[in-house]
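A.B. asks: Quick one, what's the 3D model for this:
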Amino acid sequence: MDLDPFTGALWSSEKNRTKGKRKNSSRRNKNAGGGGRSLAPPPFTATFVTRKKLRFIASSAGSVSVGTFDLFDLVCTATAANAAYQMMSGVRIKRVQIWGPMAANLVPVTVSCEWSPNATLLIGQPSRIMSDTSMGAMRAAYVSTKPPTGSLASMWQSYNGGAGSAVLFKLAFPANSVVDVDFEFVLQNGETPTSVTAAVAAATVGAVYVRALDSNGSVLLIPVSYATI
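C.D. replies: Numbers count the residues shown, from 1 in each chain. Predicted coordinates:
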């Protein structure tokens with residue numbers, strides 16, 4: 001179509017469309033993987049990092065300490081009937097929840113979670129206890145708590161091939177309590193496999209298991225809806 005020699009309207013419209021095309025092309029080039037017109041793919045994070053909540057039921061009343069040994073033993077795979085290896089290389093606790101059922105005679109029961117109880121450590125924060133008590137026939141004892149900011153329990157934990165363990169929190173509960181542990185973990189990727197700390201028996205080779213939350217202690221907190229050893 002010819003340009004209007006007096007107004008130049010069509011010429012102006014075509015010019016604006018051309019400018020718009022150049023701008024869009026420039027934006028596409030900026031956002032292209034590898035920069036500019038390069039065909040190189042952009043960087044990505046190869047590490048498997050995911051978040052998971054596991055549930056446990058107390059087989060009897062008790063008080064247990066949960067440390068790095070217990071956390072890394074949680075998810076494992078069996079290599080023999082009496083041997084299993086950890087599948088995580090890093091763990092970070094996000095939240096702990098406890099429900100304590102009322103006693104049959106309505107005597108109050110108490111649940112508690114104590115953060116950073118390890119007095120021998122020289123980092124983190126002083127001990128902090130969160131607790132609750134049941135009342136009557138309707139209100140269960142309930143605690144929902146996350147690690148205090150700056151505490152050892154709030155940080156990523158690295159097992160480091162069994163070089164050491166620290167107690168991260170302690171739980172106290174009546175029988176049949178329910179404990180949920182919400183955590184993030186990193187799946188191993190080329191690290192030398194580390195065997196679980198607690199003894200293993202009657203495992204199926206190649207199967208994946210979730211162990212008791214206190215597998216290196218009294219073994220009271222049994223996982224729900226998952227195969228365990």
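
A.B. asks: can you pull the pLDDT of residue 197?
C.D. replies: pLDDT, residue 197: 89.

A.B. asks: Got phi/psi on the closest residue to it other than its chain neighbours?
C.D. replies: Excluding its sequence neighbours, the residue lying closest to residue 197 (C-beta to C-beta, 6 or more residues apart in numbering) is residue 69, at 4.5 Å. For the C-beta atoms, the positions are set from N, CA and C on the backbone; glycine is no exception. Main-chain dihedrals, residue 69, degrees, to the nearest 10: phi -50, psi -50.

A.B. asks: How about residue 92?
C.D. replies: According to degrees, to the nearest 10, residue 92 has phi -140, psi 130.

A.B. asks: show me what contacts it?
C.D. replies: Residue 92 makes contact with 154, 155, 156, 157, 183, 184, 185, according to C-beta atoms under 8 Å, 6 or more residues apart in numbering.

A.B. asks: okay but the third one is in contact with residue 94, surely?
C.D. replies: No: contact criterion C-beta atoms under 8 Å: residue 156 and residue 94 do not qualify, at 11.5 Å.

A.B. asks: And the two? Which one has more around it.
C.D. replies: Neighbours of residue 156 and residue 94, each counted by other C-beta atoms under 10 Å, are more numerous for residue 94; the result is 14 against 11.

A.B. asks: Which residue lies nearest to the more buried one in three dimensions, sequence-adjacent residues excluded?
C.D. replies: Nearest one to residue 94, counting by C-beta to C-beta, 6+ apart, is residue 182 at 4.4 Å.

A.B. asks: Next one: the residue nearest to residue 197 relative to residue 48, how far apart?
C.D. replies: Per C-beta to C-beta, to the nearest Å, residue 69 is found 22 Å from residue 48.

A.B. asks: Looking at those two, which is more packed in?
C.D. replies: Set residue 69 next to residue 48 and count neighbours by other C-beta under 10 Å: residue 69 wins out with 20 against 12.

A.B. asks: list the contacts for residue 62?
C.D. replies: Residue 62 sits next to 172, 173, 218, 220 when contact means C-beta under 8 Å, 6+ apart.

A.B. asks: what's the nearest residue to residue 220 if we skip its chain neighbours?
C.D. replies: Closest to residue 220 by C-beta to C-beta, 6+ apart is residue 62, at 4.7 Å.

A.B. asks: re earlier: isn't the residue nearest to residue 197 right up against residue 217?
C.D. replies: No: Residue 69 is beyond contact range of residue 217, at 9.3 Å (criterion: C-beta under 8 Å).

A.B. asks: How is the protein divided into domains?
C.D. replies: The chain breaks down into these domains under automatic domain parsing: 1-44, 49-223.

A.B. asks: what's the closest of the ones you listed to residue 229?
C.D. replies: With distances scored as C-beta to C-beta, the stretch of those nearest to residue 229 is domain 49-223 (4.8 Å).

A.B. asks: what residue ranges in this structure score low on pLDDT?
C.D. replies: Scanning the chain for pLDDT under 70 picks out 1-36, 38, 118-125, 160-164.

A.B. asks: returning to that earlier point: most neighbours, which of the contacts of residue 62?
C.D. replies: residue 173 (28 neighbours).
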